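# Dropping the sequence and predicted coords here.
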Amino acid sequence: MEVCYEAKQIVLPDYIRALTARLEAAGERVYLVGGSLRDILLGQTPHDYDLATSATPQKTVSLFREDFRVIETGLKHGTVTVLSEGNPVEITTFRVDGDYTDGRHPDAVSFTRRIADDLSRRDFTVNAMAYREGEGLIDLFDGKADLRRRIIRTVGESRRRFSEDALRILRAFRFAAQLEFTIDEGTAEGIVACREGLSRIAKERIASEFLRLLRARDPAPALLAMKDSGVFPFVLQNYTPCVEVIRLSSSLPPSEEARLGLLLTGTDRAADILHELKLSNKQITGALAVLRGSAKRIETAADARRLIACCGAWSPLAVRAAILRGNAPKEAVGWVENNDAPVKISELAVTGKDLLSVGLTGKQVGETLNALLAAVIKDPSLNQRDILLAMAKKEGLA
Ligand code: ATP
Ligand code: MG
């Protein structure tokens with residue numbers, strides 16, 4: 001990652017300049033802030049642009065209402081979303097946070113006319129810079145130097161910032177993973193001192209940051225740092241994965257479900273932990289499928305078909321997890337990915353109806369179909385109607 005030190009080289013897209021020009025013409029100041037500015041300074045293209053302005057939310061709305069689509073969703077926190085050439089752009093009034101008596105949310109937010117106040121409330125130095133055309137880069141906390149040193153450091157005293165809002169602890173690890181930065185020493189001390197505050201944070205907010213961390217190219221260094229700081233128990237219900245499991249899970253392709261599933265190898269409470277994180281059904285199913293599949297011993301193509309029958313769409317990741325755990329040889333990937341033999345009841349050459357017509361009843365039908373599938377997975381050449389019917393008569397009516 002190249003760091004671009006020259007803020008004057010920053011060129012904003014026209015659809016952003018259309019918005020900033022209008023605010024400035026109305027006598028307001030407007031800055032590019034947050035992750036978008038950080039990513040530009042790192043030489044990357046931001047996925048969205050965040051603007052901060054001196055204008056009140058009402059004024060922003062009135063300036064754009066006529067000819068732009070304006071969404072007032074975050075109005076209470078000063079955020080107005082303006083759709084510019086189809087791109088949603090968040091414009092937020094300079095803000096200061098009130099006291100944090102609950103360790104999660106400010107008691108109140110108030111608007112301010114000074115960008116410096118707005119930058120002071122932000123979490124990390126690399127996220128707390130602002131840029132305005134003609135004025136240049138505002139960097140009150142040495143964020144640019146931290147980008148160059150590749151470190152995540154809190155704005156202000158780390159213990160105070162983490163006790164205000166413990167979610168920032170997870171955000172520190174998430175940014176460290178995404179940007180491939182390390183966490184500053186003082187910041188890491190603050191994390192250890194304040195980690196218990198995470199027990200007051202909503203699980204879905206913790207999960208969202210943690211999954212973003214898991215999607216990073218190589219999450220291992222950040223996960224190892226989390227382990228060293230004693231943060232895992234507050235994320236995964238008192239479970240801390242061991243170093244080896246962290247390394248294995250990080251070597252999987254960047255699927256949050258697969259990595260999370262493999263990370264849960266060392267506990268028998270995987271399903272509870274996943275449910276407590278309030279993940280979606282798809283996420284839980286995926287993580288459990290990969291975890292289950294990774295434990296299967298695969299020695300033959302028939303074993304690989306059993307894995308597909310058990311893990312479905314998750315089997316390409318599950319077989320890789322099984323290889324990493326030493327339960328399958330490398331060629332098992334090909335067995336899974338190139339399989340065209342039957343692995344599902346719907347792929348059998350007979351149906352439940354066929355079995356009813358040869359005299360099987362009720363519960364026998366399901367059981368027999370399962371038995372036939374197991375036989376066909378073992379030997380696909382059996383998947384012929386007459387063979388299966390003969391087997392069914394023998395099996396089901398016995
Ligand atoms: P991403 O690329 O993931 O969007 P980002 O830095 O934009 O990264 P966001 O979560 O979108 O991250 O937050 C936008 C900005 O708001 C941050 O850069 C930071 O300045 C500020 N911010 C967000 N959450 C917090 C928080 N909990 N405490 C303090 N500042 C925060
Ligand atoms: Mg953002």
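Perfect, thanks for sending it. Ligands and ions are numbered 1, 2, ... in the order given.

# mind checking the SS state of the closest residue to residue 164 other than its chain neighbours?
Among residues not flanking residue 164 along the chain, residue 100 sits closest, at 3.9 Å (Cβ to Cβ, 6 or more residues apart in numbering). Every C-beta, even on glycine, is put in place using the N, C-alpha and C of the backbone. What DSSP: H, G, I helix; E, B strand; the rest coil gives for residue 100 is coil.

# Looking at residue 100 now. What's its pLDDT?
On pLDDT, residue 100 comes in at 85.

# Check the burial of it by counting its neighbours.
16 (other Cβ atoms under 10 Å).

# who are the neighbours in contact with it?
106, 107, 163, 164, 165 (Cβ atoms under 8 Å, 6 or more residues apart in numbering).

# how about 7 Å then?
106, 164, 165 (Cβ atoms under 7 Å, 6 or more residues apart in numbering).

# ok, the first one - contacts?
Just to be clear, that refers to residue 106. With Cβ under 7 Å, 6+ apart, residue 106 has these contacts: 97, 98, 99, 100.

# Just name the closest of the contacts of residue 100 to residue 307, please.
Distance to residue 307 across those (Cβ to Cβ) is lowest for residue 165, with 43.0 Å.

# what about whichever residue of the stretch 201-350 of the chain sits closest to ligand 1, which SS state?
Nearest residue of the stretch 201-350 of the chain to ligand 1, counting by Cβ to the nearest ligand atom: residue 212, 6.9 Å away. Following three-state DSSP, residue 212 is assigned to helix.

# Quick check, it in contact with residue 174.
Yes. At 5.1 Å, residue 212 counts as touching residue 174 under the criterion of Cβ atoms under 7 Å.

# Between those two, tell me which one has more neighbours.
The neighbour comparison of residue 212 against residue 174 (other Cβ under 10 Å) goes to residue 174, with 23 against 18.

# Would you mind measuring from the more buried one to ligand 1?
From residue 174 over to ligand 1 the distance is 8 Å, taken as Cβ to the nearest ligand atom, to the nearest Å.

# Show me which residues of the protein are close to ligand 1?
With Cβ under 6 Å from any ligand atom as the criterion, the chain comes near ligand 1 at residues 34, 35, 50, 122, 123, 127, 128, 165, 167, 168.

# Most neighbours of all those residues, which one?
Those, ranked by neighbours (other Cβ under 10 Å): first place residue 128, 27 neighbours.

# Only C-alpha atoms, please: export the strand or helix carrying residue 395 in PDB.
Using DSSP states H and E, residue 395 maps to helix 385-397. C-alpha atoms of helix 385-397 as PDB (Å, rounded to 0.1, in the frame of the first residue of the first chain):
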ATOM      1  CA  ARG A 385     -34.300 -47.500 -11.500                       C
ATOM      2  CA  ASP A 386     -34.600 -51.300 -11.600                       C
ATOM      3  CA  ILE A 387     -31.600 -51.900  -9.300                       C
ATOM      4  CA  LEU A 388     -32.900 -49.400  -6.800                       C
ATOM      5  CA  LEU A 389     -36.400 -50.800  -6.800                       C
ATOM      6  CA  ALA A 390     -35.100 -54.300  -6.300                       C
ATOM      7  CA  MET A 391     -33.000 -53.000  -3.400                       C
ATOM      8  CA  ALA A 392     -35.900 -51.100  -2.000                       C
ATOM      9  CA  LYS A 393     -38.100 -54.200  -1.900                       C
ATOM     10  CA  LYS A 394     -35.400 -56.000  -0.100                       C
ATOM     11  CA  GLU A 395     -34.600 -53.200   2.300                       C
ATOM     12  CA  GLY A 396     -38.000 -51.600   2.900                       C
ATOM     13  CA  LEU A 397     -40.200 -54.700   3.200                       C
END
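
# in it, what's buried?
Neighbour-count burial for helix 385-397 flags 387, 388, 389, 391, 392, 395, 396 (criterion: 16 or more other Cβ atoms under 10 Å).
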